[in-house]
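In: this is the structure alone, sequence omitted:
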C-alpha cells in the first residue's frame, strides 16, 4: 500500500502553521509498515484541492486528508472528495447526536453548519473523534482508500493512532500481525539516542526501530510484522534486548504513559497521599501531579509561595517537606524550592532543590537546569516526577 | 508569480523531521506578496523527484527546492533538476574556493564529493551560503524559475531571506505588500463564528477573512494585499469594523497573546499582586497565572486544597478570597472552588465557583462547564482568566 498525506489549509500554505500533522501521520504509517511517498499541502481552494486529489489518486492507493472538516465554509475537504468521486455525503447519526448533545447541554441551538459537519461520505466507515466534533472517516473507492481526519492536532492524533491505523491494518496486512512496543527514556537527547543505537536502526527492518520525541521525553518504537502475535513479540524482544544493552541506563518505562503519569501511578499503587510545597515555582509541580491523579484527594494540600529570601539548599527543602508532612498528616512531603536569582528565558530559576520525606526517610536532590536554553513548566514537572519515581521504587 | 515549495528528504517523508522549512519559505513568500499554492515533500528518490518537478512545473512558475544539496550520495536535487531540464552542471569557482579554503584551514584534503557539491546549473545565479558549504542557486528556464536552497534550517533561512527573496523581487513585478491582523474571541465556537460573519467571509477577497481555532480560543485572521502597508491597513480596518459590529461582544484582544496572557498582562500593567486559593483544582489556575507573569513575585501565595466538604457556592468563594487577600496583604484575592461531586472525564468538577476581592469590592461567578465532554486544565485556566480580565477592566 502506497500512501500520500494531503494537508489542507491556507494557514499551512502561508506558513502560519507548521505542518506537524503530516510528520505525525507519516511516523504512524512508517511504524505500521505502510509506505508513504509524497506529502502535499494545499489551501482551502476547491479547484486546487481537486487537482491534488487527482494527482494523489494516480500515484497512491491510500490518501490521508488532514484538515478542512470543520463547520465553516472554507472547510471543504469532504465536499471536494465527494464531488471528485461522485459519492454523496450522508448524515451520520452518531456524530450528529454527539454535536446535538453538546449544544443542548450548553442551552444553545445547534448551528446549521454543524449539521453539515456531521456528514460523512456514503459507504465510509466512521472514525469517531474522541476530542472534538468533526468526525473522521475511511472510504474505499475503486481500490483506493480515502481517509479524512481533522486538522486540530489533538483530535487528529487520537484519531490516527486509535482509529485510522487499526482500520488500515485490517485492510492491508491480510494475514500478518503487527505488534508495537514503545520504550521510554529519560535524560537522554534524541541525537544521543540516534548515535547510541545507530547500528541497530541501520540493520533492522523487522522490527522497524524509530526514535520519537514525545514532549521532552525520548521514546523508541519497535514495530514487528509476523504471522502471529507471538512471533511478532519474539522479534520485538530480541531487538529490545539489544537496545537495552546500549541505552538501558536511561530507560524508565514502556508504553504510552509518560514520566509524570508514571510517578503518579506509582504513588497511587502504593496507596500514598502527598503534600507539596513550591517556592518560586508557582504550582507547576502541583498541577502536574494533580492532573494525573485518579483519586484527587491523594493531594492533601499544596502551598505555593514566592522564592525563599535566604539562600536555599537541599537541607531547607527537606525541612519544609518534613513540616508539610507533619502539618497535613500526609504519607509524603514534597518540597521544591527554586534558586533565588538566576532567571532563565522561561522565567524559571535554573536550580531547583527538591526535598522528599517518605517513610521517615529524607531524600534530597538539586536539579540543575542551567545547561538548557529554556526552562518550561513541563521540564520541571518531568524532573521532579522522575525524582519522586526514583524515591518510590 | 505562483510558487511551489518542494522539500526533499526521506527523513521528512518518514516524519522524523517536521517540515518547518516549508513554513519558513512560505512566510517569506507571503510577506513578499508572492502567491504559493502547493507544498510538496518527496524523498531522496530520483524518479519520484522527477515526477514532482514535472507536476510543479505544470502548475507553478517558481519552484523552490529545499534540501538534497549536500555532498552525500542521497543528495540528488541538482542532478535531477539538471536531468529534467537538460541543463548541465558546471563548477562554480566561488563556491569551490570557499570549500577548498575550509579544508585547507582544517589541514585536510578536500573530498571529491565536495567538488560535486560546489557545482550549480549552467546559467544559474549563485545564492551564496553564509552558514555552510552547499551553494544555492536560481535559474530561469523557459519562463519558469528554479530556486535551490539547502535543507539545513540555519543555512536555508539566511539564504532565503538575504539572497533568494531579494533576487525574486527583482524579477517579479506583481509583488504587493501583505499585512495581517488577528482578532481574538472568547465564549464563541468556531461554528457560531462562521455563522455570524458568514456574509463577510463570503464577499471578502481582500482582505481575506479566515477563522482559526487556537487551543480553545477562536481567532479571525484578516490578510490584505495592497501596493503599500498603509493601504493594506486601511483595507483591514474596514472589514475589521464590519466583523466587530457582528461579533464584537465576544472580542477580547487582537494579536497573538491569548486569554491567560492577556489577563496576566492586565494585572501587571495595573501593578497588582494576587493571592490564589484553589479547592479541588490542584493548582491549574495558579500555574496558568504564574507561567505568564513577568514579575513572578506578583503571585504572593497560593493555597491548593481538596474540595470543600460542605456544599460550596459563590459566597464561600468570596469569603475565602477575602481571607486570602487579608492574610497575604495582596491587592487581589482570587478563590476558585470546585463543586464537590460531579467529576467529568477530565477529572475536574464541572462547576467552579469563583470569588474575586479587588479594591474592596467582591465579585463572584459560577463557571458551569457541564455542557462539555471533557474539562481540561486549559479550559479552566481560560475561564478563570477571562473572569479576572473582566473584573480588572
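Out: Okay, I see it. Not measured: the values here are computed from a predicted model.

In: which residues of the stretch 51-200 of chain A fall in helices?
Out: For the stretch 51-200 of chain A, applying DSSP state H, counting those that start in this stretch gives helices covering A:77-85, A:93-106, A:112-117, A:153-159, A:165-172, A:190-196, A:198-203.

In: residue A:44 is in contact with residue A:76, correct?
Out: Yes: the pair residue A:76 and residue A:44 qualifies as a contact (C-beta atoms under 8 Å) at a distance of 6.0 Å. Glycine gets a C-beta too; all of them are placed from N, C-alpha and C.

In: circling back to that earlier point, which one, of the helices of the stretch 51-200 of chain A, ends up nearest to residue A:310?
Out: Closest of these to residue A:310 is helix A:190-196, at 37.5 Å (criterion: C-beta to C-beta).

In: find the centremost residue of chain A, please.
Out: When chain A is reduced to its mean C-alpha position, the nearest residue by C-alpha atoms, centre = their mean turns out to be residue A:214, at 6.3 Å.

In: residue A:76 and residue A:44: which is more packed in?
Out: Under the criterion of other C-beta atoms under 10 Å in any protein chain shown, the comparison of residue A:76 against residue A:44 puts residue A:44 first, with 23 against 20.

In: okay, the more buried one: pLDDT?
Out: At residue A:44, the predicted lDDT confidence score is 92.

In: surely it is in contact with residue A:14?
Out: No: taking contact to mean C-beta under 8 Å, the distance of 11.0 Å between residue A:44 and residue A:14 leaves them out of contact.

In: what about stretch A:61-72, start to end distance?
Out: Terminal residues of stretch A:61-72 are spaced 29 Å apart (C-alpha to C-alpha, to the nearest Å).

In: how about it: buried residues?
Out: Of the residues in stretch A:61-72, those buried under the neighbour-count criterion (16 or more other C-beta atoms under 10 Å in any protein chain shown) are A:61, A:62, A:63, A:64, A:65, A:66, A:67, A:68, A:69, A:70, A:71, A:72.

In: verify the stated contact: residue A:24 with residue A:153.
Out: Yes: using C-beta under 8 Å, residue A:24 and residue A:153 qualify as a contacting pair, with a distance of 7.3 Å.

In: dump the helices of the stretch 51-200 of chain A into JSON lines; add mean pLDDT as well.
Out: Compiled in JSON lines, the helices of the stretch 51-200 of chain A are given as follows (pLDDT from 0 to 100):
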{"stretch": "helix A:77-85", "mean pLDDT": "97"}
{"stretch": "helix A:93-106", "mean pLDDT": "87"}
{"stretch": "helix A:112-117", "mean pLDDT": "84"}
{"stretch": "helix A:153-159", "mean pLDDT": "93"}
{"stretch": "helix A:165-172", "mean pLDDT": "88"}
{"stretch": "helix A:190-196", "mean pLDDT": "80"}
{"stretch": "helix A:198-203", "mean pLDDT": "85"}
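
In: circling back: which neighbours do residue A:76 and residue A:44 share?
Out: Between them, residue A:76 and residue A:44 have A:8, A:68 as joint contacts when contacts are counted by C-beta atoms under 8 Å, 6 or more residues apart in numbering or on different chains.

In: could you list the low-pLDDT ranges of the stretch 201-350 of chain A?
Out: Low-confidence regions of the stretch 201-350 of chain A, defined by pLDDT under 70, span residues A:341-347.

In: about what we covered before: of all the helices of the stretch 51-200 of chain A, which one is nearest residue B:158?
Out: Taking C-beta to C-beta, helix A:190-196 is the member of the helices of the stretch 51-200 of chain A nearest to residue B:158, at 22.5 Å.

In: now the closest one: buried residues?
Out: Under 16+ other C-beta under 10 Å, the buried positions of helix A:190-196 are A:193, A:196.

In: packing partners of that helix?
Out: Applying 3 or more C-beta pairs under 8 Å, 6 or more residues apart in numbering or on different chains; DSSP states H and E, one finds that helix A:190-196 makes contact with strand A:208-214, strand A:217-226, helix A:229-247.

In: in the longest one, what counts as buried?
Out: Spelled out, that is helix A:229-247. Going by 16+ other C-beta under 10 Å, helix A:229-247 has these buried residues: A:232, A:233, A:235, A:236, A:239, A:240, A:243, A:247.

In: wait, the first one sits on residue A:179?
Out: This points to residue A:232. Yes: using C-beta under 8 Å, residue A:232 and residue A:179 qualify as a contacting pair, with a distance of 3.7 Å.

In: overlap of the contact sets of the two?
Out: Shared between the contact lists of residue A:232 and residue A:179 (criterion: C-beta under 8 Å, 6+ apart) are residues A:224, A:226.

In: for the nearest residue to residue A:23 once chain neighbours are set aside, give me its contacts.
Out: Ranked by C-beta to C-beta, 6 or more residues apart in numbering or on different chains and with sequence neighbours excluded, the top spatial neighbour of residue A:23 is residue B:15, at 3.9 Å. When contacts are counted by C-beta under 8 Å, 6+ apart, residue B:15 touches A:22, A:23, A:24, A:25, A:26, A:27, A:28, A:29, A:30.

In: quick check: closest non-adjacent residue to residue A:113.
Out: Counting by C-beta to C-beta, 6+ apart, the nearest residue to residue A:113 once its immediate chain neighbours are dropped is residue A:71, at 4.0 Å.

In: quick one, what contacts the one you found?
Out: Contacts were defined as C-beta under 8 Å, 6+ apart; by that measure residue A:71 touches A:111, A:113, A:114, A:116, A:117, A:133, A:134, B:190, B:191, B:194.

In: ok, now how distant is it from residue A:13?
Out: Using C-beta to C-beta, to the nearest Å, residue A:71 is found at 21 Å from residue A:13.

In: find the closest residue to chain B in the stretch 101-250 of chain A.
Out: Distance from chain B to each residue of the stretch 101-250 of chain A (C-beta to the nearest C-beta) is smallest for residue A:105, at 3.4 Å.
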